[in-house]
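Asks: one predicted model, sequence on top.
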Amino acid sequence: MTSQDTERLTNIFCTLFNKPDLKLRDDLTARDIPTWDSLNHVNLMMYVEEEFGVRFTTGEVSSMQNVGDLKRLIDAKTTATQAA
Amino acid sequence: MATLTPSRSLPTTKYLDQLEAYVRDRHPRSLAGIVEARLNDPARFEEIAETFMEWAVAVRGEAAIGEMVDSFVRFTTSVNMSQVRYERAGHYENKTFEDCLQSLYTEKDEMDDYLWGVYLTNFLWAHHTEIILFFTERYLKRLDDVQTLIEIAPGHGGWGAYALKHLPQTRLVGYDIAPSSIEIATQIMNAAGFANRARYELKDALNLEVVEANSADAVICNFLIEHLERPEKLMAVINHLLKPGQKAFLTGALTAAQIDHIYEFRYESELVKLAEDNGLRVLETFSGGPRRTLPNAKFLPRSMALIMQKRQNDIY
């Protein structure tokens, strides 16, 4: 993921979870952010869909474990979109 | 009034504890809702949850607890995604019943996963636990000498089994259009020890020609009505099946999107009106929703339960 895309993703996390100083590590999980519950997770994924112009399946949304998974997923989706 | 068999006290919450440990380890995002459901009324929650888990483990084995939780998480994720898209669109997805039949209800793998996910929502969603308590305390206790209980669209069969657990003299007949439902509901009944008091038929109960009029002492139908294009047909069937004066229990979803929710109910009064227009008197209602909702949500997803009685000898 480019540094520009990482910044876009970081902005979503900071805004949604109201944590302006959040550092987006690949191993960051819901255990590290108490308000990252199942409902906010879906909300997060919908913001990511809008920001990156991609669409996730239920399986992708439910199986995502950490930020690293999310970055890889975005990369795969945006690459596929560009190739199409 | 019927005498209810008291729920036996459960010595442990062994399966519930395993479930919670799995969620904590593998699905930490889902933990808040489960803790919320448990804290709401711990004793009753544990009784309901452990009962449902005992049956599920008897069907699938203890090792499958994780798989069932995975199904629940997939189902809940799907529901939440639908709700977010509903908030943005302002209406449910424009699906037909035939779309849902072909893409879900008759697809075994998808339907099995869906049904086990829904099965766990009976207690892992706090407002659904409240509906089961309403079902038990306000509906089942009203029933008097129920010989035949008909369940329309039993799905996973948990509601029917829970009814038979409290009504030891009753026999249940269930009608469903999904082969997976017949299979899983039968397994749950066997696991609950009620196989000799329950049978299921693959049949569309909304077809009045295939179900016998005035044949039921009680009818239950949970979370079917929002899946229909013409929900009034369901109320008419409940009236058709019930003996005069007998009672039915129905639940439905309001402003709660899901991949196969078709009819968008916005107000509790819509369900009440549908019942009244189809010869049913509404005796009691309950409506509840999740405590945590999307920020600035326009639509609060609710589940509503109605206790209804077939009218007799009256004008209004």
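Replies: Looks like it came in fine.
Asks: residue contacts, B:Ala178?
Replies: B:Tyr105, B:Thr106, B:Met111, B:Gly155 (CB atoms under 8 Å, 6 or more residues apart in numbering or on different chains). Every C-beta, even on glycine, is put in place using the N, C-alpha and C of the backbone.
Asks: buried set for the helix or strand encompassing B:Phe286?
Replies: Here B:Phe286, judged by DSSP states H and E, is contained in strand B:280-288. Neighbour counts over strand B:280-288 (16 or more other CB atoms under 10 Å in any protein chain shown) mark B:Leu280, B:Arg281, B:Val282, B:Thr285, B:Phe286, B:Ser287, B:Gly288 as buried.
Asks: pick out whichever of the contacts of B:Ala178 sits closest to chain A.
Replies: Nearest to chain A among those, counting by CB to the nearest CB, is B:Met111 at 14.7 Å.
Asks: can you confirm B:Thr251 is in a helix?
Replies: No. Counting by DSSP: H, G, I helix; E, B strand; the rest coil, B:Thr251 falls outside a helix, being strand.
Asks: hmm, it is touching B:Met304, no?
Replies: Yes. Under the criterion of CB atoms under 8 Å, B:Thr251 makes contact with B:Met304 at 6.6 Å.
Asks: coming back round to it: okay if I get the contacts of B:Ala178 as CSV plus secondary structure?
Replies: CSV is the format used below for those (three-state DSSP):
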residue, secondary structure
B:Tyr105, helix
B:Thr106, coil
B:Met111, helix
B:Gly155, coil
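Asks: from these, which two are the most distant?
Replies: B:Thr106 and B:Gly155 (14.2 Å; CB to CB).
Asks: how about the residues of chain A that lie near chain B?
Replies: Within chain A, the positions adjacent to chain B are A:29-31, A:36-43, A:45-46, A:58-59, A:61-62 by CB under 8 Å from any CB of the partner chain.
Asks: could I have the buried ones of the residues you listed as PyMOL selection syntax?
Replies: To isolate the buried members of the residues of chain A next to chain B in PyMOL, using 16+ other CB under 10 Å:
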select buried, chain A and resi 29+30+36+37+38+39+40+41+42+43+45+46+58+61+62
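Asks: ok, the residue sitting nearest the centre point of chain B - contacts?
Replies: Taking CA atoms, centre = their mean as the criterion, B:Asn222 is the residue nearest the geometric centre of chain B, at 3.9 Å. Going by CB under 8 Å, 6+ apart, B:Asn222 touches B:Ala153, B:Gly155, B:Trp159, B:Phe249, B:Leu250, B:Thr251.
Asks: pLDDT weak spots in the chain?
Replies: As the question left the chain open, I've gone with chain A. A:84 (pLDDT under 70).
Asks: could you do chain B instead?
Replies: B:1-11, B:315-316.
Asks: and it, which of its residues are near chain A?
Replies: Counting by CB under 8 Å from any CB, the residues of chain B near chain A are B:27-33, B:73-74, B:76-78, B:80-81, B:83-85, B:88, B:292-295.
Asks: filter these down to just the ones in helices.
Replies: Among the residues of chain B next to chain A, DSSP state H puts B:31-33, B:73-74, B:76-78, B:80-81, B:83-85, B:88 in helices.
Asks: neighbour-wise, which one of the contacts of B:Ala178 leads?
Replies: Among these, B:Gly155 has the most neighbours (other CB atoms under 10 Å in any protein chain shown), with 24 neighbours.
Asks: make sure it is actually in contact with B:Val118.
Replies: Yes. Applying CB under 8 Å as the test, B:Gly155 and B:Val118 come out as touching, 6.3 Å apart.
Asks: dump the contacts of B:Asn222 to TSV, plus distance to B:Ile48.
Replies: Formatted as TSV, the contacts of B:Asn222 follow (distance: CB to CB, whole Å):
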residue	distance to B:Ile48
B:Ala153	21
B:Gly155	17
B:Trp159	12
B:Phe249	16
B:Leu250	20
B:Thr251	15
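Asks: in which helix or strand would I find B:Gln246?
Replies: Going by DSSP H and E, B:Gln246 is part of strand B:242-254.
Asks: which parts of that strand are buried?
Replies: Neighbour count says strand B:242-254 has B:Leu242, B:Lys243, B:Gln246, B:Lys247, B:Ala248, B:Phe249, B:Leu250, B:Thr251, B:Gly252, B:Ala253, B:Leu254 buried, by 16+ other CB under 10 Å.
Asks: which strands and helices sit next to it?
Replies: strand B:216-222, helix B:232-241, helix B:268-277, strand B:280-288, strand B:302-310 (3 or more CB pairs under 8 Å, 6 or more residues apart in numbering or on different chains; DSSP states H and E).
Asks: redo the ones you listed as JSON lines? Include distance to B:Lys165.
Replies: As requested, the helices and strands packed on strand B:242-254 are exported to JSON lines (distance: least, CB to CB, whole Å):
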{"stretch": "strand B:216-222", "distance to B:Lys165": "13"}
{"stretch": "helix B:232-241", "distance to B:Lys165": "22"}
{"stretch": "helix B:268-277", "distance to B:Lys165": "27"}
{"stretch": "strand B:280-288", "distance to B:Lys165": "20"}
{"stretch": "strand B:302-310", "distance to B:Lys165": "18"}
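Asks: closest to A:Met1 out of the ones you listed?
Replies: It's strand B:302-310; of these, that one is closest to A:Met1 (CB to CB) at 39.7 Å.
Asks: so what strands line up beside that closest one?
Replies: Applying DSSP bridges, strand B:302-310 is found paired with strand B:242-254 (antiparallel), strand B:280-288 (antiparallel).
Asks: neighbouring contacts of the top helix by length along chain A?
Replies: Assignment by DSSP H gives helix A:67-83 as the longest helix of chain A. Residues from elsewhere that reach helix A:67-83 (CB under 8 Å, 6+ apart): A:1, A:5-6, A:9, A:13, A:24-29, A:48, A:52-56, A:60, A:63-64.
Asks: may I have that helix as CSV, with CA atoms only?
Replies: What follows is helix A:67-83, C-alpha atoms only, in CSV (Å, rounded to 0.1, in the frame of the first residue of the first chain):
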residue,chain,number,x,y,z
VAL,A,67,-5.1,-3.7,9.9
GLY,A,68,-2.6,-5.7,7.9
ASP,A,69,-5.4,-7.9,6.5
LEU,A,70,-7.3,-4.8,5.6
LYS,A,71,-4.4,-3.2,3.7
ARG,A,72,-3.8,-6.4,1.8
LEU,A,73,-7.5,-6.6,0.9
ILE,A,74,-7.6,-3.0,-0.3
ASP,A,75,-4.5,-3.6,-2.4
ALA,A,76,-6.0,-6.7,-4.0
LYS,A,77,-9.3,-4.9,-4.7
THR,A,78,-7.8,-1.8,-6.1
THR,A,79,-5.3,-3.7,-8.3
ALA,A,80,-8.1,-5.8,-9.7
THR,A,81,-10.1,-2.7,-10.4
GLN,A,82,-7.2,-1.0,-12.2
ALA,A,83,-6.6,-4.2,-14.2
